[in-house]
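Visitor: mind looking at a prediction? Sequence and model below.
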Amino acid sequence: MDSHLDWHAARAALEWQVDLGVTEAISEAPVNRFEQVAPPPKAGVASTAQAPVSPVQPVAAPDPVADAETAARGAGDLASLKAAMQAYTHCDLRKGARNLVFSDGIAGARVMIVGESPGREEDRVGKPFVGRAGQLLDKMLAAIDLGRDREDGRGVYITNVLPWRPPQNRDPKPDEMAMMLPFLKRHIELANPEFLVVMGNSSCQALLGKRGITRLRGEWAEALGRPALPMLHPAYLLRNPAAKRETWADLLDLQARLAQSKA
C-alpha cells in the first residue's frame, strides 16, 4: 500500500476491500505456515538447543533354528537334551500336544530307529510307536530277534523327527522339521548307534535330504556319518499290506548287516 496515503484514504481503501469480501490481511513478505516455530522460552529460563533424538533400533526377531542349535549343543547327555527340548518355545506344536515324545528303548543300542512324528496314542503315553503302528513295529523287530526292551545286545532305540504330535496327524511342515533337526542330530550323536533305520518320508527328508520312500527303501545310505537304511513306515504297511514283502527283505538286510558287523 502506498505509504503517502492519508489516514482517511487508507481507511476508505480498507472498507472497500472488506465490502468486496476480503477476510484476511496479507503482508508484504510471504509466510511459510508449515514451518515449525519453537515456542518462546519461559521467563527466567535460558534457551538451550534441543539434543537430537537417536532413532530407535529395531529389535531383531528370534531365529528358531539358531536357538535350537545353541540349545542342542549345550546338552551333554540325553536327559539334558530332553530338558532343552521341553524348554524350547518356538515350535507351536507343543501348545496342542499333551506330552513331549522323546524316546523309547535302549539308549546306546546298535540300532536307532527314527520315525516321523507322534500319533494320538504316542501323544497320550509320551513314547514313540505305541499305537497300532508301534505294535506292528514290535512284531517286525521280533522277527529278526530284536526288541525295544532287550538288554542282551539285541535292543533298539527309537525316536521321531518331531517330538510333538501335529494336529490331525498331518505331515510335519518344513519349518517344524528345520527347527527340530538340530535336536535330532544331537540326539543321534548322544545315543551313538551303529546303524540308523529311517522310517518314512519325513525322516528321509530330515536325515537324507530326499523324499520318495517307496523308491529309497532298501538302499543303504549315510546319515551323520552312519549307515542308514530307509524303510517303509509301519503305518504305511497297515494301509498297504502288500508292501510287507519288501519290508521283510529290508529287515533281513538289516539282520545281515548286524551279523556281519559283529563278526
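Guide: Thanks, I have it. These numbers come from a predicted model, not from an experiment.
Visitor: ok, which stretches of this structure are helices?
Guide: 7-20, 64-73, 78-87, 93-96, 120-125, 132-143, 174-191, 201-208, 213-216, 234-239, 244-262 (DSSP state H).
Visitor: so Val65 touches Ala178, yeah?
Guide: Yes - judged on C-beta atoms under 8 Å, Val65 makes contact with Ala178 at a distance of 5.5 Å. Where you see a C-beta, it was placed from the backbone N, CA and C, and this is true even at glycine.
Visitor: hang on, the earlier thing: please identify the most buried of the helices of the chain.
Guide: For the helices of the chain, average neighbour numbers computed from mean count of other C-beta atoms under 10 Å are highest in helix 201-208, which has a mean of 23.
Visitor: got the contact list for that helix?
Guide: The contact list for helix 201-208, computed with C-beta atoms under 8 Å, 6 or more residues apart in numbering, reads 114-117, 160-162, 171-172, 177, 181, 184, 196, 198, 210-213, 216, 221, 223-224, 228, 230.
Visitor: do that again at 7 Å, thanks
Guide: 114-117, 161, 171-172, 177, 181, 184, 198, 210-211, 213, 216, 221, 223, 228, 230 (C-beta atoms under 7 Å, 6 or more residues apart in numbering).
Visitor: and if you look at stretch 70-87?
Guide: By C-beta under 7 Å, 6+ apart, stretch 70-87 touches Tyr88, Leu100, Phe102, Ala107, Pro163, Pro182, Phe183, Arg186, His187, Leu190, Ala191.
Visitor: redo that, cut-off 6 Å
Guide: Leu100, Phe102, Ala107, Pro163, Pro182, Phe183, Arg186, Leu190 (C-beta atoms under 6 Å, 6 or more residues apart in numbering).
Visitor: burial measure for the fourth one, as a count.
Guide: Pro163 sits with 28 neighbouring residues when counted by other C-beta atoms under 10 Å.
Visitor: tell me the contacts of it?
Guide: Counted by C-beta under 6 Å, 6+ apart, Pro163 has contacts Met85, Leu100, Val101.
Visitor: I'd like the distance between the first one and Ala13.
Guide: Yep, that's Met85 we're talking about. 89 Å (C-beta to C-beta, to the nearest Å).
Visitor: with the last one instead?
Guide: Taken as C-beta to C-beta, the spacing of Val101 relative to Ala13 amounts to 94 Å.
Visitor: farthest-separated two in the contacts of stretch 70-87?
Guide: The most widely separated members of those are Ala107 and Pro182, with 19.1 Å between them, by C-beta to C-beta.
Visitor: what's the separation between Ala72 and Ser202?
Guide: For Ala72, the distance to Ser202 equals 19 Å [C-beta to C-beta].
Visitor: cool, and Lys173?
Guide: 10 Å.
Visitor: could you do Asp19 as well?
Guide: Distance from Asp19 to Ser202, by C-beta to C-beta: 88 Å.
Visitor: one more: Arg257?
Guide: 24 Å.
Visitor: repeat for Gly96
Guide: 18 Å.
Visitor: please apply the same query to Ala97.
Guide: 17 Å.
Visitor: what sits against the closest residue to Glu222 other than its chain neighbours?
Guide: Spatial nearest neighbour of Glu222, excluding adjacent residues (C-beta to C-beta, 6 or more residues apart in numbering): Ala228 at 6.1 Å. For Ala228, the contacting residues are Leu196, Val198, Ala221, by C-beta under 6 Å, 6+ apart.
Visitor: for Glu246, state which of those is nearest.
Guide: Val198 (15.0 Å).
Visitor: just to check, the closest one is in contact with Val114?
Guide: Yes - Val198 is in contact with Val114 according to C-beta atoms under 6 Å; the separation is 5.4 Å.
Visitor: ok, these two, which is more surrounded?
Guide: Shown here are Val198 and Val114; by other C-beta under 10 Å, Val198 has more neighbours (29 against 26).
Visitor: relative to Thr159, how far out is the more buried one?
Guide: Taken as C-beta to C-beta, the span from Val198 to Thr159 is 11 Å.
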